[in-house]
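**Q** everything below, folded, please.
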Amino acid sequence: MDEPFASRDAPTREDLQERTWRLKEAEALTLIRVAHDIEEAVFMGQRIMVLGQPPHTAPVVVENPGAGDPAFRGTAAYSEQVERLCRALRSPAGPG
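**A** Presented below is the predicted three-dimensional model:
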């Protein structure tokens, strides 16, 4: 899935994210998504591959145990993960 919710308003996007997550869980699906929206990546991604500044010689995979839980969005852990990924995207060294 490449940016499937990009052109939606925020409430619709969040609803679609949650519905997609529930479907994924109910059907035991594996989804691979491309997201340029960091907050969406943190909500949807159990494992997030971060491609920082080029050249992409060592992509980093970040484990994200809170993914898919609507309550996760309002936690400090969610905000910290968003900030961590923001730093990773600005840095050639990846997440720190």
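
**Q** show me the helices in this structure, by range?
**A** 10-26, 38-44, 76-90 (DSSP state H).

**Q** closest to Gly52 out of the ones you listed?
**A** helix 76-90 (5.5 Å; CB to CB). Just so you know, the C-beta spots here come from the backbone N, C-alpha and C atoms, and that holds for glycine as well.

**Q** how far is the closest one from where the chain is centred?
**A** Chain-centre distance of helix 76-90: 10 Å, with CA atoms, centre = their mean, to the nearest Å.

**Q** who does it touch, helix- and strand-wise?
**A** If you count contacts as 3 or more CB pairs under 8 Å, 6 or more residues apart in numbering; DSSP states H and E, helix 76-90 packs onto helix 38-44, strand 47-50, strand 60-63.

**Q** let's go with 7 Å and repeat that
**A** If you count contacts as 3 or more CB pairs under 7 Å, 6 or more residues apart in numbering; DSSP states H and E, helix 76-90 packs onto helix 38-44, strand 47-50.

**Q** contact partners of it?
**A** Identification of contacts with helix 76-90 by CB atoms under 7 Å, 6 or more residues apart in numbering yields 38-39, 41-42, 48, 50, 52, 60, 62, 64, 66, 72, 94-96.

**Q** pull the most distant pair out of those.
**A** It's Gly52 and Phe72 that sit farthest apart of those, by CB to CB, at 23.7 Å.

**Q** between those two, which has more neighbouring residues?
**A** More crowded of Gly52 and Phe72, by other CB atoms under 10 Å: Gly52, with 19 against 16.

**Q** nice, that's everything, thank you.
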